[in-house]
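Peer 1: sequence first, predicted model second:
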Amino acid sequence: MGVFLATAIIATVTVCAAAFVVIVKGRAGSGEDPLAIAVAQGLSGKSLTALENERRQLILEDADSQAFTFTSQPTITSAPAQLLSGNSGAPIVPYGPPPNPKTAEGIAYSLLPAFGFALSQFGCLYKMWMNESSWLWNAQNASGAYGIPQALPGDKMASAGPNWQTDPTTQIKWGLGYIKSVYGTPCQAWAFWQVHGWY
């Protein structure tokens, strides 16, 4: 709208000025209609061509300013340090504040250092075991998998304690040991789980 308004104003001023000049000259006694002369001169003169070129230029500039395109996708040169899990390079799932220590999640969080895992690994462990058992010590499925880590068969967890069927701490200790021996870290286990749906 702004481009057309500016062009209309410039055209109006130019035509009026030309008409004024012709009218003043016409009063000198030429006998011709001064307005007709002004319009004829305006339509055929250089001023109209210049105005038309200026209008086109303004339209192109306005269109260019509104038509943005991307030549390529932005790239990240390096990942922030807190998003990597040590040597594995597997992404860490951010998790908020430490969980309540009286819950299964809190027990697992507090046991991570005992197995050599950074606390930042908890996000991966949380997501994986939430998918496996919803962190329920008595979770079981038709295949025979049991407990928070879904050991298969469940009695494998007896190696971590005789109360494996009812004690979340025993189940979590067994699960963390299993993760360490098979995958190295919870985030590596979670990366495997995301591809296969099991670990």
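Peer 2: Here it is on my side, so go on. Residues are numbered from 1 along each chain as shown.
Peer 1: point out where the chain drops to low pLDDT.
Peer 2: 1-48, 51, 58, 60-95 (pLDDT under 70).
Peer 1: quick one, helices of it?
Peer 2: Using DSSP state H, the helices found in the chain span residues 2-26, 34-44, 46-66, 104-111, 122-133, 168-182, 186-196.
Peer 1: what about the closest residue in space to Leu152 that isn't next to it in sequence, neighbour count?
Peer 2: Nearest non-adjacent residue to Leu152, counting by Cβ to Cβ, 6 or more residues apart in numbering: Ala145, 4.2 Å away. Bear in mind the C-beta positions are built from the backbone N, C-alpha and C, glycine included. Around Ala145 there are 18 other residues, counting by other Cβ atoms under 10 Å.
Peer 1: mind listing what Ala145 touches?
Peer 2: Glu132, Ala151, Leu152, Pro153, Gly154 (Cβ atoms under 8 Å, 6 or more residues apart in numbering).
Peer 1: tell me the spacing between it and Glu52.
Peer 2: 79 Å (Cβ to Cβ, to the nearest Å).
Peer 1: re the thing from before, buried ones among the contacts of Ala145?
Peer 2: Glu132, Ala151, Gly154 (16 or more other Cβ atoms under 10 Å).
Peer 1: how about those in JSON lines, adding distance to Ala108?
Peer 2: Listed next are those as JSON lines, based on distance: Cβ to Cβ, whole Å:
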{"residue": "Glu132", "distance to Ala108": "12"}
{"residue": "Ala151", "distance to Ala108": "15"}
{"residue": "Gly154", "distance to Ala108": "18"}
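Peer 1: if we take those residues, which one ends up nearest to Ile59?
Peer 2: The shortest approach to Ile59 among those belongs to Glu132, at 62.1 Å (Cβ to Cβ).
Peer 1: excluding its backbone neighbours, what's nearest the closest one?
Peer 2: Closest to Glu132 by Cβ to Cβ, 6+ apart is Gln150, at 4.4 Å.
Peer 1: what's the one you found in contact with, if anything?
Peer 2: Glu132, Ser133, Ala139, Asn141.
Peer 1: what subset of these is buried?
Peer 2: Neighbour counting with 16+ other Cβ under 10 Å marks Glu132, Ser133, Ala139 as buried within the contacts of Gln150.
Peer 1: I'd say the first one and Ala151 touch.
Peer 2: No. Under the criterion of Cβ atoms under 8 Å, Glu132 is not in contact with Ala151, lying 10.1 Å apart.
Peer 1: how is the chain carved up into domains?
Peer 2: By the assignment in automatic domain parsing, the chain contains the domains 2-66, 81-196.
Peer 1: so what's the residue count around Leu112?
Peer 2: Leu112: 19 surrounding residues under other Cβ under 10 Å.
Peer 1: could you do the one 5 residues further on as well?
Peer 2: Residues near Phe117, counting by other Cβ under 10 Å, number 23.
Peer 1: check contacts around it.
Peer 2: Listed by Cβ under 8 Å, 6+ apart, the contact set of Phe117 reads Leu176, Lys180, Thr185, Pro186.
Peer 1: so which of those residues wins on neighbours?
Peer 2: Within the contacts of Phe117, most neighbours by other Cβ under 10 Å means Pro186, with 34 neighbours.
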